[in-house]
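[1] Predicted model and sequence below, questions to follow.
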Amino acid sequence: MYKNNVINNIYSLLQKIIQKHLKIGDLNFQKHRDSTIRIKDQFQLICGRTPPFKEELSLQKKNV
C-alpha cells in the first residue's frame, strides 16, 4: 500500500511539472507569436567540415 502511494505521488508531481512547463511554453508562444525571424543574405560555415556536396545548391555558396 505504501509503495503504491509513493508511486502515485511521483506521478502526480511529474504531471504538475509537465503542466507548468506547458503553461510556460504557451505564454512564451503568445508573447512572440507576431515576431519575425531574420535570416542573413548568405549562410556561413562557422565550424566543422563542409559536406561533400558539389552541386550549385550548396547553402554555403548560394544566397537564400
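    Cool, got the structure.
[2] count of residues packed around residue 22?
    Using other Cβ atoms under 10 Å, the number of residues around residue 22 comes to 10. C-betas here are computed from N, CA, C, even on glycine.
[3] just residue 2 next, same as before
    Residue 2: 6 surrounding residues under other Cβ under 10 Å.
[4] and what of residue 39?
    Neighbours of residue 39 (other Cβ under 10 Å): 7.
[5] Can you tell me the element it falls in?
    Assigned by DSSP states H and E, residue 39 belongs to neither a helix nor a strand.
[6] could you give the mean pLDDT of the strand or helix carrying residue 26?
    Using DSSP H and E, residue 26 maps to helix 2-32. In this model, helix 2-32 has a mean pLDDT of 92.
[7] Could you name the helices and strands sitting against that helix?
    The helices and strands touching helix 2-32, judged by 3 or more Cβ pairs under 8 Å, 6 or more residues apart in numbering; DSSP states H and E, number zero.
[8] Just the buried positions in that helix, please.
    When burial is assessed from 16 or more other Cβ atoms under 10 Å, helix 2-32 yields no buried residues.
[9] Please tell me how far residue 9 sits from residue 25.
    Per Cβ to Cβ, to the nearest Å, residue 9 is found 25 Å from residue 25.
[10] Repeat that for residue 1.
    With distances taken as Cβ to Cβ, residue 1 is found 37 Å from residue 25.
[11] and if you look at residue 15?
    Residue 15 is 16 Å from residue 25, by Cβ to Cβ.
[12] do residue 5 as well
    31 Å.
[13] Then residue 8?
    26 Å.
[14] what do you get for residue 35?
    Note on residue 35: its distance to residue 25, by Cβ to Cβ, is 15 Å.
[15] try residue 13
    With distances taken as Cβ to Cβ, residue 13 is found 19 Å from residue 25.
[16] All set now, cheers.
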